[in-house]
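Asks: can't give you the sequence, but here's the structure:
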């Protein structure tokens, strides 16, 4: 299917061709009428044909004017559609640029998030190792405390006996 302007151009060319044919017929009839006016009766017939040809020419000229007007409307509409299309294309390109920029930012944020997650994993592991180390120290200190308590208890039990020995 051809675009509207091409169809209108083709129709306009056909109408222009038809108009040229009618004009040629009119010229031929005028020439024939002038030549036959000296001959007599066929002139009335030719004048009637001439009148019909003139009416046909006027009709074709009217059609041509209407088609030219319609062609102008179609061309104006086509320009409007072209402007809208160009505007939409420009907006699309800006949207693509914005989307690419946002994707770039998203990739950077994803990379930063991955680094933060890796840091947290390392931090957890180091804290776990430190926690194990501290738990070991707590157990050792608890054992030392138990030993000290046992020594203190032994000392306290022996102490009343020493005080009695010192008094004597």
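Replies: That came in fine, so what should we check first? Predicted model only: the values in this text are computed from it and were never measured.

Asks: Relative to the whole chain's centre, how far out is the helix or strand that contains residue 146?
Replies: For residue 146, the element it lies in under DSSP states H and E is helix 42-167. A distance of 16 Å separates the centroid of the chain from that of helix 42-167, by Cα atoms, centre = their mean, to the nearest Å.

Asks: Residue 84 versus the residue positioned nearest the centre of the chain, what's the distance?
Replies: Closest to where the C-alpha atoms of the chain average out (Cα atoms, centre = their mean) is residue 92, at 3.9 Å. Look at residue 92 and residue 84: by Cβ to Cβ, to the nearest Å, they are 12 Å apart. C-betas here are computed from N, CA, C, even on glycine.

Asks: Same question for residue 116.
Replies: 47 Å.

Asks: picking up where we left off before, Provide a list of residues in contact with the residue nearest to the centre of the chain.
Replies: Listed by Cβ atoms under 8 Å, 6 or more residues apart in numbering, residue 92 has no contact partners.

Asks: Give me the distance between it and residue 85.
Replies: For residue 92, the distance to residue 85 - Cβ to Cβ - is 10 Å.

Asks: Could you do residue 72 as well?
Replies: Here residue 72 is placed at a distance of 20 Å from residue 85 (Cβ to Cβ).
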